[in-house]
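Student: How does the following fold in three dimensions:
(one chain, ligands or ions: 2)
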Amino acid sequence: MAVDAGSIPELDQKKYDADEQVKIICLGDSAVGKSKLMERFLMDEYRPQQLSTYALTLYKHAATVGDKTIAVDFWDTAGQERFQNMHPSYYHKAHACIMVFDVQRKLTYKNLVNWYKELREYRPEIPCCVVANKIDADMKVTQRSFNFGKKQGLPFYFVSAADGTNVVKMFRDMIKRAVEYKQNPSDFMDEVMQELEKDNSEAEEDGLKAESPELV
Ligand SMILES: Nc1nc2c(ncn2[C@@H]2O[C@H](COP(=O)(O)OP(=O)(O)OP(=O)(O)O)[C@@H](O)[C@H]2O)c(=O)[nH]1
Ligand SMILES: [Mg+2]
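Tutor: Numbers count the residues shown, from 1 in each chain. Ligands and ions are numbered 1, 2, ... in the order given. The predicted model follows:
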């Protein structure tokens, strides 16, 4: 379900029942199909009209990974015709990133390098993948190799939001990787945050005040 970024309280309730909550962001130029991919995954629907995302849309989704319920926040923002910096809050606390290009527009592939560079400035370690969208328009592209991301070991998916090819697989893989990352962050700041959260809840259990400022 799509909601405005200013959250609606009852939708947030889900996260309290969930075992884990993760945030997944989507990057890529305008019109590569970021929003259509999310619609395909979340609602199994695809309406071909072109409506560029305005500002930010937040999609809430409950996923099952193993025997756990995971509350997933998908963040979808407007890509731009030309690369422009994204607001830092978009990256803040993200656990995984889906980078999309359009197989019919070479420039959207070339621009991945800019998106990736910015992502790594904010989130050096989160799982990320490269997604080649719109393969329904030209199946032959699936025989070509797209090397961006290989060096960094990023998984690559050929997908189509229009006919659904590989969409569920890609999203499910990324949800799983986001959860794994959250449980074992390799990012130093994330580890610090997690330790602090743990200390706070242990202190609360011990009847200590959570806001106790001492860090031993
Ligand atoms: N043939 C084909 N067209 C697609 C596919 N996915 C998206 N499109 C079309 O591409 C256009 C842009 O799709 P969006 O999902 O709105 O693109 P976006 O990346 O969210 O764009 P911004 O919100 O502007 O950043 C729409 O007209 C879609 O119908 C696909 O898999 N195949
Ligand atoms: Mg969009």
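Student: all strands for this protein, in order.
Tutor: 2-4, 20-27, 56-65, 68-77, 96-102, 128-133, 156-158 (DSSP state E).
Student: And these: which comes nearest ligand 1?
Tutor: Closest approach to ligand 1 among these (C-beta to the nearest ligand atom): strand 128-133, 5.1 Å. Any C-beta I mention is one placed from the backbone N, CA and C, and that applies to glycine too.
Student: Against ligand 1 - does that closest one have any residue that ends up touching it?
Tutor: Yes. Using C-beta under 6 Å from any ligand atom, strand 128-133 comes into contact with ligand 1 via Asn133.
Student: how far is that strand from where the chain is centred?
Tutor: 11 Å (C-alpha atoms, centre = their mean, to the nearest Å).
Student: go on, stretch 143-155?
Tutor: The answer for stretch 143-155 is 19 Å, by C-alpha atoms, centre = their mean.
Student: Which positions within that stretch qualify as buried?
Tutor: Phe148, Gly149, Leu154 (16 or more other C-beta atoms under 10 Å).
Student: Give me the lowest-pLDDT entry from those residues.
Tutor: In terms of pLDDT, Gly149 ranks lowest among the buried residues of stretch 143-155, with 89.
Student: Tell me which residues touch it, please.
Tutor: Met99, Leu112, Tyr116, Cys128, Cys129, Val130, Phe156 (C-beta atoms under 8 Å, 6 or more residues apart in numbering).
Student: would you put the C-alpha positions of stretch 156-173 in PDB?
Tutor: Coordinates of each C-alpha in stretch 156-173 appear next as PDB, following Å, rounded to 0.1, in the frame of the first residue of the first chain:
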ATOM      1  CA  PHE A 156      22.400  -8.700 -11.300                       C
ATOM      2  CA  TYR A 157      18.800  -9.400 -12.400                       C
ATOM      3  CA  PHE A 158      17.000  -9.100 -15.700                       C
ATOM      4  CA  VAL A 159      13.400  -8.200 -14.900                       C
ATOM      5  CA  SER A 160      10.200  -6.800 -16.400                       C
ATOM      6  CA  ALA A 161       7.700  -4.900 -14.400                       C
ATOM      7  CA  ALA A 162       5.400  -5.200 -17.400                       C
ATOM      8  CA  ASP A 163       5.200  -9.000 -17.500                       C
ATOM      9  CA  GLY A 164       6.500  -9.700 -14.000                       C
ATOM     10  CA  THR A 165       9.700 -11.700 -15.000                       C
ATOM     11  CA  ASN A 166      12.000 -12.200 -12.000                       C
ATOM     12  CA  VAL A 167      10.300  -9.400 -10.000                       C
ATOM     13  CA  VAL A 168       9.200 -11.500  -7.000                       C
ATOM     14  CA  LYS A 169      12.600 -13.300  -6.900                       C
ATOM     15  CA  MET A 170      14.600 -10.100  -7.000                       C
ATOM     16  CA  PHE A 171      12.500  -8.500  -4.200                       C
ATOM     17  CA  ARG A 172      12.500 -11.600  -2.000                       C
ATOM     18  CA  ASP A 173      16.200 -12.000  -2.400                       C
END
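Student: Okay then, goodbye and thanks.
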